[in-house]
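**Student:** Using only what follows, build the 3D model:
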Amino acid sequence: MRSPAARLIAGLAALLLLSACDRGAETSTETASAAPDRGDDGAIVASTAEDHLPDWLSPTDGTDPARWLAGREAGHPLPADAAAVRDLRESLDRARSAFVEDKRMIANRTVQLGQMLSEIGKTESYRGLIDGLGAIAALRGRHKSLYGEMCQHYYNTRAQGADHATALARLEARERPEVTAPELPRQPGGQP
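**Tutor:** The predicted structure is shown next:
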């Protein structure tokens, strides 16, 4: 059982992780993995999503975000015409029209959110996350939402004990004040 201060610190740490994705900073391991591979004769050998799934899609990465995301979820690269890739491509296309971020950033943040949720025992599909958050963002019409901000609010609500549907309903209530937000489950000791 975490204290309110510990939950706040965990939430702030998660927010920092999500915001760091936009800065374009690379760690030494990211830089090393981004360096081109060289063959025996010193020629550069290209690495593609055909045989490798990078940890993150960089701003200059030409990999299809839907294919990368589907491969990450499956645990191995998938062909471009796989059903999971097509489904995620459709989800990313819909989400892109509702969010400020591009498909690459939406894919990166979805993986971050998925990892954070998994760490607290609340594993969810990437498509379910994108479609759920995208449907709420679509309520704003031509006023696009910030996907990273919505991910953070979703994570915080899930970390407080809400299920997927309740977390989405609470986010919807933020976008549409006329919608009443559902109550969060009570934690032992009276904390919501």
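**Student:** what are the ranges of the strands in this structure?
**Tutor:** Ranges of strands in the chain, per DSSP state E, are 37-38, 44-45.
**Student:** Any idea which helix or strand in this protein has the lowest mean pLDDT?
**Tutor:** When the helices and strands of the chain are scored by mean pLDDT, DSSP states H and E, helix 28-34 comes last with a mean of 36.
**Student:** got any ranges where this protein has weak pLDDT?
**Tutor:** Within the chain, the segments meeting pLDDT under 70 span 1-51, 177-192.
**Student:** try 80
**Tutor:** Confidence mapping of the chain against pLDDT under 80 gives the ranges 1-52, 141-142, 175-192.
**Student:** can you map out the helices along it?
**Tutor:** Remark: helices assigned in the chain by DSSP state H are 4-20, 28-34, 65-74, 83-96, 103-119, 126-137, 147-159, 164-175.
**Student:** Residue 99 against residue 107, yeah?
**Tutor:** No. At 11.6 Å, residue 99 does not count as touching residue 107 under the criterion of Cβ atoms under 8 Å. In short, each C-beta sits where N, CA and C put it, glycine included.
**Student:** coming back round to it: out of the helices of the chain, deepest packed?
**Tutor:** Highest mean neighbour count of the helices of the chain: helix 65-74, a mean of 23 (counted as mean count of other Cβ atoms under 10 Å).
**Student:** so what secondary structure elements neighbour it?
**Tutor:** Counting contacts by 3 or more Cβ pairs under 8 Å, 6 or more residues apart in numbering; DSSP states H and E, helix 65-74 packs against helix 83-96, helix 103-119, helix 126-137.
**Student:** what comes into contact with the shortest one?
**Tutor:** This points to helix 126-137. Defining contact as Cβ atoms under 8 Å, 6 or more residues apart in numbering, one finds that helix 126-137 is touched by 69-70, 72-73, 87-88, 91-92, 94-95, 98-99, 106, 110-111, 113-114, 144-145, 147, 150-151, 154, 164, 168, 171-172, 175.
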